[in-house]
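Colleague: what's the 3D shape of this:
(one chain, ligands or ions: 1)
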Amino acid sequence: MNHCEPAAKRGRCCRPILDLSFCVVLSEAQDEWDRIAREPERARDVIEEVLRLRSAATSFGRLALQDVELGGERFAAGSTVLGSIWSANRDPKEFPRPEELAVDENRGSVQIAFGQGAHHCLGAALARAELQESLIALAARMRCPKLEPGAQFLPPIGINGPTMLPISFEVRA
Ligand code: HEM
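Modeller: Numbering: from 1, shown residues only. All right, here's what the predicted structure looks like:
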């Protein structure tokens, strides 16, 4: 079972939650928003950076089937290990500007919003394409959204992001 399944059952799938997350992140980055309206090809890099900063999947769990040593730590067979995607995606050894939306500076570093290795997300290409196309369409038609009071967020475990996000915006002339 992967995180997407329980999330979808509760009506909390990571893709729509990420749509809202990119509104949260980009509401503070009006320049990037307007730049996508002028340069839609930039949406690819912007989405990658938003995925890094606000990954909908916060972590993944693993069960050690045998004794294993990883990064200097020993895990006995039967241990449960929780890998934090959020920590990895803000690792200062990997990202020049880990805590900010810095599209150009952080480009080229590896982010793991879709996991890594054998269980890498099967829907990653679809999710990326949908996010890019919706960002391009929204930036072309509306000005940068402004957050209004009343947002509600899931707790920072499992799938995270807003479940309710009141915004206001102006239509582009
Ligand atoms: C932006 C939205 C999404 C995010 C952030 C995301 C993230 C992830 C992550 C982190 C994993 C790895 C879990 C682990 O290692 O235990 C994963 C696995 C998986 N994802 Fe997604 N995912 C997204 C959308 C989708 C979509 C749209 C689909 C299907 C169309 C999908 C299908 C899967 C499947 C089947 C796996 C399990 C792969 C395996 O265990 O071999 N995901 N996803």
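Colleague: mind checking pLDDT for the residue of the chain found nearest the ligand?
Modeller: Scanning the chain for proximity to the ligand using CB to the nearest ligand atom identifies G123 as nearest, at 2.0 Å. Where C-beta positions appear, they are placed from N, C-alpha and C, glycine not excepted. At G123, the model reports a pLDDT of 94.
Colleague: now it: how far from S21?
Modeller: Distance, G123 to S21, using CB to CB, to the nearest Å: 16 Å.
Colleague: more neighbours: these two, which one.
Modeller: The neighbour comparison of G123 against S21 (other CB atoms under 10 Å) goes to S21, with 23 against 14.
Colleague: okay, the helix or strand where that one lies in CSV with CA atoms only?
Modeller: Element membership for S21, per DSSP states H and E: helix 14-26. This file holds the C-alpha atoms of helix 14-26, laid out as CSV (Å, rounded to 0.1, in the frame of the first residue of the first chain):
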residue,chain,number,x,y,z
CYS,A,14,-2.1,14.5,-3.1
ARG,A,15,-2.6,16.0,-6.5
PRO,A,16,-5.6,18.3,-5.7
ILE,A,17,-3.9,19.1,-2.4
LEU,A,18,-0.8,20.1,-4.3
ASP,A,19,-2.8,22.4,-6.5
LEU,A,20,-3.8,24.3,-3.4
SER,A,21,-0.2,24.1,-2.1
PHE,A,22,1.2,25.8,-5.1
CYS,A,23,-1.4,28.6,-4.5
VAL,A,24,0.0,28.9,-1.0
VAL,A,25,3.6,29.0,-2.1
LEU,A,26,3.1,31.2,-5.1
